[in-house]
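[1] following is a predicted model, sequence given first.
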Amino acid sequence: MKSDARAGLLLGGVILLFTIVGGYVVTLPWWWKAAAEPEDAEWSVPAKMPPGEQGELVRYGQKLFNETPLYLGPDVADASMRRAGNHLSCQSCHASGGTQRNGFGLVGITRRFPQFNARAGHAITLEDRINGCFERSMNGKALPGNGREMKAYLAYMEWLSTDVPSGTKHMEGQGVPKLAALDRWADPGVGESVYKQSCTKCHGANGLGQKAQDGKAYKYPPVWGPDSFNDGAGMDRVRTAAGYIYANMPNDNPSLTAEQAYDVAAYIDSQDRPHKDRLASDYPNLKLKPFDSPYGPYPDGYSEEQHKYGPFPAL
Ligand code: HEC
Ligand code: HEC
């Protein structure tokens, strides 16, 4: 009896403490809260290019971004410019020149770099991040840091960020929606029928996409096969691809449920694609490795298959 009373008193004390601390947090001055968690900055695409030389550099960056294979693709005449290993453009995934909300858009991107990167295990620059997409999504090689092409990419992204206040760490519409984890594995078999119904019209039954009329860039990019992103790319993570597909595909009418998006992402990410070497050295601190990374090593006893398809207990 006595110990019950003591426990009751203790509980009462804890509740009182929480009430006081809770009350304090709520009554903090508004500027404190603003400093602690900045509101998301609004998505705003600048209307006009800057004048003069800077404008030229921004326009060049825009072309490199939207029509990558024409300038940096595997079959351009100057061998030193062959940086992309496939014929995707940056905007194959960062739609509409990187201006689209919930589509890995890049408005505000220059405001949040350098930043810590778990995959690298240290802080990286925006140049490093761009080269991450060159080596994985584009299945190619890094751009030299001091060349005109890298400068043009940076200028283009700085221009996309024109209207975003410096210090903004997060944008409304940044990335893609983080879908809630399913309580089952994402099922490639079910995904195949979703794909047949909703995706073949543009990406083809064989997943290889369709080139534009000039035959140089894609009208509809491949989603697997030798000309697609490699197995070290973000899009090869089922949850990342599902969020992207949920918000953006089919491109003319995004209409899948979250479950369909997971299943079709599992289907796409089960197909053959180029392999990136040295993936085992990603995430030097394995505790920071996302559960849904499709390649090991892992810091736990779950199988590679469960890491890839779920169910995702750790999310
Ligand atoms: C196959 C799809 C794909 C292609 C093609 C692609 N990217 Fe990405 N990119 C991604 C994904 C996925 C992410 C986000 C990964 C994550 O953080 O989960 C990303 C992230 C980025 C980021 C960081 C975004 C942020 O909010 O932090 C930059 C910058 C970037 N890409 C630039 C490029 C450039 C430049 C190109 C062309 C050379 C390119 N990407 C091509 C898929 C792609
Ligand atoms: C009406 C044509 C169309 C349909 C249908 C369509 N897509 Fe796409 N898809 C595109 C285009 C165009 C892009 C390039 C990005 C953009 O402009 O939105 C793209 C890009 C992609 C990408 C990223 C780029 C790459 O090559 O990997 C993935 C993944 C993708 N689509 C998956 C799907 C899935 C899954 C479906 C079916 C649920 C689907 N798409 C249906 C047109 C389409």
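    Yes, it's here. Numbering: from 1, shown residues only. Ligands and ions are numbered 1, 2, ... in the order given.

[2] need the next SSE after the worst-scoring helix or strand of the chain on mean pLDDT, C-terminal direction.
    For the chain, counting by mean pLDDT, DSSP states H and E, helix 30-36 ranks last in confidence among helices and strands (a mean of 46). Next in sequence after helix 30-36, counting helices and strands by DSSP states H and E, comes helix 52-66.

[3] ok now that next one, how far from the chain's centre?
    23 Å (CA atoms, centre = their mean, to the nearest Å).

[4] now stretch 174-188
    Relative to the mean C-alpha coordinate of its chain, stretch 174-188 is positioned 14 Å out (CA atoms, centre = their mean).

[5] in it, what's buried?
    By 16 or more other CB atoms under 10 Å, the buried positions in stretch 174-188 come out as Q174, G175, V176, L179, A181, L182, W185, A186, D187, P188. For glycine as for every other residue, the C-beta is placed from the backbone atoms N, C-alpha and C.

[6] and the nearest residue to F104 once chain neighbours are set aside, how far from F65?
    Nearest non-adjacent residue to F104, counting by CB to CB, 6 or more residues apart in numbering: H94, 4.9 Å away. Distance of H94 to F65, computed by CB to CB, to the nearest Å: 7 Å.

[7] same thing with G145?
    On the measure of CB to CB, G145 and F65 end up 18 Å apart.

[8] of the two, which one has the most company?
    Neighbour count, other CB atoms under 10 Å: between G145 and F65, F65 has more, with 22 against 13.

[9] you'd agree the more buried one is up against Y153?
    Yes: if you go by CB atoms under 8 Å, F65 and Y153 touch, sitting 6.9 Å apart.

[10] got the domain ranges for the protein?
    52-160, 188-309 (automatic domain parsing).

[11] now the terminal residues of the last one, how far apart.
    Across its full length, domain 188-309 reaches 9 Å between end residues, using CA to CA, to the nearest Å.

[12] distance from that domain to the middle of the chain?
    With CA atoms, centre = their mean, you get 12 Å for domain 188-309.

[13] report whether it contacts ligand 2.
    Yes: for a cut-off given as CB under 6 Å from any ligand atom, domain 188-309 has contacts with ligand 2, namely 198-199, 201-203, 220-223, 229, 235, 241, 245, 248-252, 256, 264, 268.

[14] just the buried members of the residues you listed?
    198-199, 202-203, 220-223, 229, 235, 241, 245, 248-249, 256, 264, 268.

[15] host element of Q260?
    Using DSSP H and E, Q260 sits in helix 258-268.

[16] on contacts alone, who are the packing partners of that helix?
    helix 188-198, helix 238-248 (3 or more CB pairs under 8 Å, 6 or more residues apart in numbering; DSSP states H and E).

[17] what residues does the stretch 101-250 of the chain put near ligand 1?
    Residues of the stretch 101-250 of the chain lying near ligand 1 (CB under 6 Å from any ligand atom): 104, 106, 109, 129-130, 133-134, 137-138, 153, 174-175, 229, 233-235, 240.

[18] what do you get if the cut-off is 8 Å, keeping everything else the same?
    By the rule CB under 8 Å from any ligand atom, the part of the stretch 101-250 of the chain lying against ligand 1 is 104-106, 109, 112-113, 115, 126, 129-130, 132-134, 136-138, 153, 157, 174-176, 221, 228-229, 233-235, 237, 240-241, 244.

[19] which of these are buried?
    Buried members of these, counted by 16+ other CB under 10 Å: 104-106, 109, 112-113, 126, 129-130, 132-134, 136-138, 153, 157, 174-176, 221, 228-229, 233-235, 237, 240-241, 244.

[20] ok, the residue in the stretch 201-315 of the chain that ligand 1 sits nearest to - contacts?
    Residue of the stretch 201-315 of the chain nearest ligand 1, by CB to the nearest ligand atom: G234 (3.0 Å). Counting by CB atoms under 8 Å, 6 or more residues apart in numbering, G234 makes contact with R136, S137, T240.

[21] which residues in this structure form helices?
    Assigned by DSSP state H, the chain shows helices spanning 2-26, 30-36, 52-66, 68-72, 95-98, 126-135, 148-160, 188-198, 200-203, 238-248, 258-268, 304-309.

[22] related to what we said a few turns ago, between the contacts of G234, which is nearest K216?
    S137 (18.6 Å; CB to CB).

[23] great, nothing more from me.
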